[in-house]
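Asker: okay, sequence plus prediction incoming.
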Amino acid sequence: MLKLTLLRHAKSSWAYPELDDFLRPLNRRGYRQGQRLAEGFPTDVDAIWCSPAVRAYTTAKCILRDRPELGDKLVLTSSIYEASAEQLIQILKGGGTLKHIALLGHNPALEVLACYLTDSSVNLKTAHNILLNLNIDDWAQVSAGCAEPVSIWRPEE
């Protein structure tokens, strides 16, 4: 059985309309969420595949500040930014021998992916973290309904 953690980045700022979407930072609430994200982040991940967008990478850095032992597991993956759920599935199919992947990215793709994998309705707000058990032995087998939600976690604000 494989595990997948889907984490939506913390709350981002819209205070700078001149900034490209990729460069949007976290807002104050996002930084507060980020300070607590390490509490609910799994300890057994083999890889953290993260969008390189500023708000996602900053969210990852918030986790790593309190969980430095995970630092060598962080991989910025440019294809996650602006990916559709279908594209995220293709990314996951490249998981090789990893047993637990954490995917840190954006909606709507993460939410659509969670719904597809669990065959149920899933609402991923900012800083939500959902842990899924996948009833498969190989990432190449990722398909509709292959996952069961174990927990959904969001930092207290």
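Answerer: In hand now; what should we look at?
Asker: which other helices and strands contact the helix or strand bottoming out on mean pLDDT in the chain?
Answerer: When each helix and strand of the chain is scored by mean pLDDT, DSSP states H and E, helix 28-40 comes last, with a mean of 92. Packing partners of helix 28-40 (3 or more CB pairs under 8 Å, 6 or more residues apart in numbering; DSSP states H and E): helix 54-66. Quick note: C-beta positions are derived from backbone N, CA and C, even for glycine.
Asker: rewinding a little: any idea of the angle the least confident helix or strand of the chain forms with helix 54-66?
Answerer: 50 degrees (axes from the mean of the first three to the mean of the last three CA atoms, to 10 degrees).
Asker: the helix or strand following helix 28-40 pairs with which strands?
Answerer: Proceeding N to C from helix 28-40, the next assigned helix or strand is strand 47-50, under DSSP states H and E. Sheet pairing here is set by DSSP bridges, and for strand 47-50 it gives strand 74-76 (parallel), strand 100-105 (parallel).
Asker: give the rounded mean pLDDT of the first one.
Answerer: Here the mean pLDDT over strand 74-76 is 98, rounded to a whole number.
Asker: buried ones in that strand?
Answerer: Neighbour counts over strand 74-76 (16 or more other CB atoms under 10 Å) mark L74, L76 as buried.
Asker: ok now it, how far from the chain's centre?
Answerer: 11 Å (CA atoms, centre = their mean, to the nearest Å).
Asker: other residues contacting the least confident helix or strand of the chain?
Answerer: 7, 9-13, 26, 55, 58-59, 61-63, 65-67, 126-127, 129, 153-157 (CB atoms under 8 Å, 6 or more residues apart in numbering).
Asker: show me where pLDDT drops low in this structure?
Answerer: For the chain, residues meeting the criterion pLDDT under 70 lie at 157.
Asker: mind redoing it with 80?
Answerer: Across the chain, the ranges flagged by pLDDT under 80 are 156-157.
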